[in-house]
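S.K.: Sequence and predicted structure, then a few things I'm wondering about:
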Amino acid sequence: MTIEQFKERNGYEIEGMWLPRVTAIVAMGSFVGAGGNSFWSRTAFRNAAEWGTITHEAVGQIVCGRACKIAAHIAISIHAFRQWYKANPFGVESYETAVERRVFDPKNLYAGTIDMLANVAGEYGVIDVKTSTAIRKEHALQTAAYLNAYQQTAQGGAQYTKRWILRIDQYQECRGCFAKRREKYGRAMTSGGKQICNHQWSQARGEVEFKEQENFEGDLEKFLDQKERWEQKNGAFLSRISNYPKNIKQVSLFS
Ligand SMILES: [Zn+2]
């Protein structure tokens, strides 16, 4: 990997600085980031990422009351989200200010993009949209990093104290053994159920999960620990990035 590729994949340029991004840091040590199993071919990974991107776009438009065209392959899960959102609405100020909001932490030196800033039943916080098959522990580290950055830098950021994961999924289920089959990876992935079963797949159905994450302080600490490990692992690259603030600080110490 060249230094330019490393910078592109792992960070953002903000106000003349290069800062590592939250998703790169939390991916380290996760199932996918570690290489995972053989299912995670480059194509499967790219398809899942594309699915995630268009789902994020659709959800952002819907909560801002904008009309949007939904790609056929995600329509089932977006329909489930619309139904859920009717019963569980939350407030989003505007698409420009509250959707895909770029933030950075000037003290701990990382950057990221908050999916949505929201008011949920009178409480303010960040929502991260997931299209994974379950909520995973690294998601809590990610939202803690976002919330902390927003609190540090945004006007009125202190009133934002909550974190939620909004998980949107769709799958077919075997009527016999309850195995689940998902197509978001470009080819079908089957999980659970019985190994030996002549699966009878149902129609695809959508699923929405909305979960508050507790223990902000603890999760933030874990994120910052992981960031340190990430920096150690990638030290050879990081030392060559001239506008990475940690390098600039070192220079000024000795000059
Ligand atoms: Zn089955």
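M.R.: Yep, it's here. Residues are numbered from 1 along each chain as shown.

S.K.: Can you name the element that comes right after the longest strand along the chain?
M.R.: As assigned by DSSP state E, the longest strand anywhere in the chain is strand 160-173. Once the chain leaves strand 160-173, the next helix or strand it forms, by DSSP states H and E, is strand 180-182.

S.K.: Check what contacts that next one and list those residues.
M.R.: Around strand 180-182, the neighbours that count as contacts under C-beta atoms under 8 Å, 6 or more residues apart in numbering are 133, 169-174, 188-193, 199, 201. (C-beta placed from N, C-alpha, C; glycine too.)

S.K.: Tell me which two of those sit farthest apart.
M.R.: D169 and H199 (18.4 Å; C-beta to C-beta).

S.K.: Of those two, which one has the most company?
M.R.: D169 (21 against 17; other C-beta atoms under 10 Å).

S.K.: Is that one bridged to anything, and to what?
M.R.: Beta bridges link D169 to E207, judged by DSSP bridges.

S.K.: Could you verify my assumption that it touches I76?
M.R.: No: in this structure, D169 is not within contact of I76 by C-beta atoms under 8 Å, at 9.6 Å.

S.K.: Show me whatever sits in contact with both of these two.
M.R.: Joint contacts of D169 and I76 (C-beta under 8 Å, 6+ apart) are G206.

S.K.: near the ion, which residues of the stretch 151-255 of the chain show up?
M.R.: C174, G176, C177, A179, G193, C197, H199 (C-beta under 5 Å from the ion).

S.K.: I'd like those residues as TSV, with distance to K233 and pLDDT appended.
M.R.: TSV is the format used below for those (distance: C-beta to C-beta, whole Å; pLDDT from 0 to 100):
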residue	distance to K233	pLDDT
C174	41	97
G176	45	97
C177	41	97
A179	37	97
G193	37	96
C197	42	96
H199	41	97
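
S.K.: coming back round to it: any idea which of the contacts of strand 180-182 is closest to I54?
M.R.: Using C-beta to C-beta, the contacts of strand 180-182 come closest to I54 at Q170, 12.8 Å.
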